[in-house]
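1. give me coordinates for this.
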Amino acid sequence: MKHFPVFMSVEGRRIVLSGGGDAALAKLRLLLKTEARVTVIAPDPAPQIMRWALEGRLTLIERPVEPGDALCAVLFYAANDDDAEDARVAALARADGATVNMVDNLHGSDFITPAIVDRDPVTVAIGTEGAAPVLARRIKRDLEERLSPNLGTLARIGKGFRHAVEALPFGRARRDFWSAYYDETGPRALAEGGEEALRPALKSLLDRHLKGDATEGHVAFVGSGPGDPDLLTMKARKALDAADVVIFDRLVSPEILELARREAEMIDVGKEGFGRHTPQEHINALIVRHVADGAQVVRLKSGDPTVFGRLDEEIEAVEAEGLNWSVVPGITAASAAVASIGQSLTRRGRNQSVRFLTGHDVAGFADHDWAALARPGEVTAIYMGKKAARFIQGRLLMHGANPDTAVTVIENASRADERVLETRLFTLEPDLGNAGLSGPALVFIGLAPRRAARALSTPDLQEAL
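-> The predicted model follows:
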C-alpha cells in the first residue's frame, strides 16, 4: 500500500486550486461538497467558476499563482491542463508548506483523490493508486446502485443519537443496537413515516435494548473453504463480520482473515502435522471461555469443518457447558481441487463412490482398508497425505494396486500459488519428493487432470511423468 487512506478534516480550512478549465471544474464539483474554504487562482476561469464565485461558494483570484498563495492551505490542487504550469505552481505551493495534488500526474502528487460514493455523512472512497481509474469508476457505479439514497439520512439521524446509546454496555450490546437500527428499524421507520419518524423509532429501540437481557454468547463453527476468498459462503462472511473473537487454524488464508471485523480478537491455534501443535483441550477451553463470557465467536476452520476438522470434540465441549453453537459449512479442499483439474469426484461407469481419507492421525500414519482402495476404478482423496505418500504408495502396491494408477497431487488448491503434480502410483515417490511441495496438498488416487495441467516444469520430473 503506497497510499494510506485517511479522511481529513477540512471544515473551515483552506483549499487552494490553480486552474480554470475542465480539470479544475471536475475537481471543484467534488471540493464544493465539502465545508472547506475553497480558493481558485486562474487568469482565465471558466464561466461556471465565475458563477460559483458570485454565489459565494468560493474565492476567485484572476491571475497566475504567485509565491505565498498557498500559505495556510491544507491542500493544493494543480489543475491547469498544462504540465509545465502544474509543475511551476506545485513547486510554489510546496514552498508555502501545502500538500499538493497534480491532476493526472501520480508521481508528481503528494496525495491522490479517490473515486467517492457520497451518502453524506457516509462516504465511500475507492482508490487504485492510479493503476486502474476505470476500475475505480466501475466499483463506484456498482456501489452507487447498491447503497440506498436514504443511507445518509439514517446515518445523520443516528449520529445525533449516539450519546443516548452510551447507556448500553460498550461492545456487543451497542453493536447489536446499531445493527437493528440500520438493518431493520431505521429503514422501516423512514419508509412508513419519513425522517420525522426516525427519532421516536430510535428511542423505542433503545428502550427495548435497555430492558433486554445481556446478549448470549455463541460460537459458529465456520468453514473457510480451501483458501480463495471468493469461495467463502455469504453466511461465513456474515459470521466473520459479527465476530468478537476469531479462533482460526493454520491453513486459513490471510485473505480470509482480513474479512474479519477489525476489532475482533484473532487467536491462532494452528496445528501442523509432525510439527507445531496446539492441544485440542486448549482449543476447547478457549472456545468455552469466550462463549461463556458472552462473546460471538467464530471457530474458523480450513475447508469444511465437518471433514477432518475435529468438529465433534469442540461441539461436545460447548454442549457440556450448555452454550449455543451452529455450523456454517464450507467448500472442502477436495471439491476445489478436482474443479481446478477439470475432473469429477464421481463418474458414471468409473466409480460410484469416493473416499475421503486422512494420511495421518494422532497415532501417526493412518491405516485403512488398503485392499478395497487398491481395486481398479476406485477414486480416493487423501487429506494430509503428502508426508505419508511413501507409506500410502507401499500399502496400495502391496495390496495389488496397478502401478500405472493415475495419481494427482494438488498443492494450495484454489489459491494463486496452486500447483498440480501429475504422476502414477509407482513413481509417486520420488516424484513428490523431487517436486518440493511446501504447502498443504491433496493426493488423489485414481484421477488425472482432464487437461495436461502440469504446473511443475522441472525437466527431470516431466520426464518421469
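2. residue ranges with poor pLDDT in the stretch 251-400 of the chain?
-> 271-276, 361-366 (pLDDT under 70).
3. can you pull out the strands in it?
-> 265-268, 296-301, 324-328, 354-358, 360-361, 364-365, 379-383 (DSSP state E, counting those that start in this stretch).
4. same list (those strands) but as a markdown table, adding distance to residue 5 and mean neighbour count.
-> Backbone N, C-alpha and C define where each C-beta goes, glycine included. Compiled in a markdown table, the strands of the stretch 251-400 of the chain are given as follows (distance: least, Cβ to Cβ, whole Å; neighbours: other Cβ atoms under 10 Å):
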| stretch | distance to residue 5 | mean neighbour count |
| --- | --- | --- |
| strand 265-268 | 22 | 14 |
| strand 296-301 | 26 | 28 |
| strand 324-328 | 31 | 17 |
| strand 354-358 | 43 | 17 |
| strand 360-361 | 45 | 15 |
| strand 364-365 | 50 | 12 |
| strand 379-383 | 40 | 23 |
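5. would JSON lines of the ones you listed with distance to residue 307 be doable?
-> As requested, these are arranged in JSON lines below (distance: least, Cβ to Cβ, whole Å):
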{"stretch": "strand 265-268", "distance to residue 307": "21"}
{"stretch": "strand 296-301", "distance to residue 307": "9"}
{"stretch": "strand 324-328", "distance to residue 307": "12"}
{"stretch": "strand 354-358", "distance to residue 307": "6"}
{"stretch": "strand 360-361", "distance to residue 307": "14"}
{"stretch": "strand 364-365", "distance to residue 307": "19"}
{"stretch": "strand 379-383", "distance to residue 307": "7"}
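6. figure out which of those is closest to residue 286.
-> The closest of the strands of the stretch 251-400 of the chain to residue 286 is strand 265-268. By Cβ to Cβ, the value is 6.4 Å.
7. and the closest one, what does it pack onto?
-> Using 3 or more Cβ pairs under 8 Å, 6 or more residues apart in numbering; DSSP states H and E as the contact definition, the elements that strand 265-268 packs against are strand 245-248.
8. what mean pLDDT does the strand it packs on get?
-> In this model, strand 245-248 carries a mean pLDDT of 95.
9. dump it to CSV, restricted to CA.
-> Taking only C-alpha atoms (Å, rounded to 0.1, in the frame of the first residue of the first chain), the coordinates of strand 245-248 have been written out as CSV:
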residue,chain,number,x,y,z
VAL,A,245,-13.4,-13.4,18.7
VAL,A,246,-12.0,-15.5,15.8
ILE,A,247,-10.2,-18.7,16.7
PHE,A,248,-8.5,-19.9,13.5
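10. list of residues touching that strand?
-> Contacting residues not belonging to strand 245-248 are listed as 224, 240, 257, 260, 264-270, 283, 286-287, 290, 295-301 [Cβ atoms under 8 Å, 6 or more residues apart in numbering].
11. got it, and stretch 6-24?
-> With contacts defined as Cβ under 8 Å, 6+ apart, stretch 6-24 is touched by 27-28, 31, 34-46, 49, 65, 69-70, 72-81, 85-86, 89, 93, 98, 103-104, 123, 125.
12. filter those residues down to the buried ones and hand me the PyMOL line.
-> Selecting the buried subset of the contacts of stretch 6-24 in PyMOL, with 16 or more other Cβ atoms under 10 Å as the burial test, is done by:
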select buried, resi 27+28+31+34+36+37+38+39+40+41+42+45+46+49+65+69+70+73+74+75+76+77+78+79+80+85+86+89+93+98+103
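13. the contacts of stretch 6-24 in strands, which ones?
-> Secondary structure defined by DSSP state E assigns 37-41, 73-78, 123, 125 of the contacts of stretch 6-24 to strands.
14. dump these into a markdown table; add distance to residue 332 as well.
-> Formatted as a markdown table, the ones in strands among the contacts of stretch 6-24 follow (distance: Cβ to Cβ, whole Å):
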| residue | distance to residue 332 |
| --- | --- |
| 37 | 59 |
| 38 | 57 |
| 39 | 61 |
| 40 | 60 |
| 41 | 63 |
| 73 | 57 |
| 74 | 53 |
| 75 | 51 |
| 76 | 55 |
| 77 | 52 |
| 78 | 55 |
| 123 | 40 |
| 125 | 37 |
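15. for those residues, which one is nearest residue 355?
-> residue 125 (50.4 Å).
16. is it true that the closest one touches residue 5?
-> Yes - taking contact to mean Cβ atoms under 8 Å, the distance of 6.2 Å between residue 125 and residue 5 places them in contact.
17. quick check: neighbours shared by the two?
-> Overlap between the contact sets of residue 125 and residue 5, as judged by Cβ under 8 Å, 6+ apart, is given by residue 114.
18. ok, now which ones touch the residue nearest the centre of the chain?
-> Central residue of the chain (Cα atoms, centre = their mean): residue 259, 3.8 Å from the mean position. The neighbours of residue 259, taking Cβ under 8 Å, 6+ apart as the test, are 229, 232, 237, 240, 241.
19. which strands or helices does the helix or strand harbouring the fourth one pack on?
-> Translated: residue 240. Under DSSP states H and E, the secondary-structure element containing residue 240 is helix 234-242. Under the contact criterion of 3+ Cβ pairs under 8 Å, 6+ apart, the helices and strands touching helix 234-242 comprise strand 218-223, strand 296-301, strand 324-328.
20. all set, thanks.
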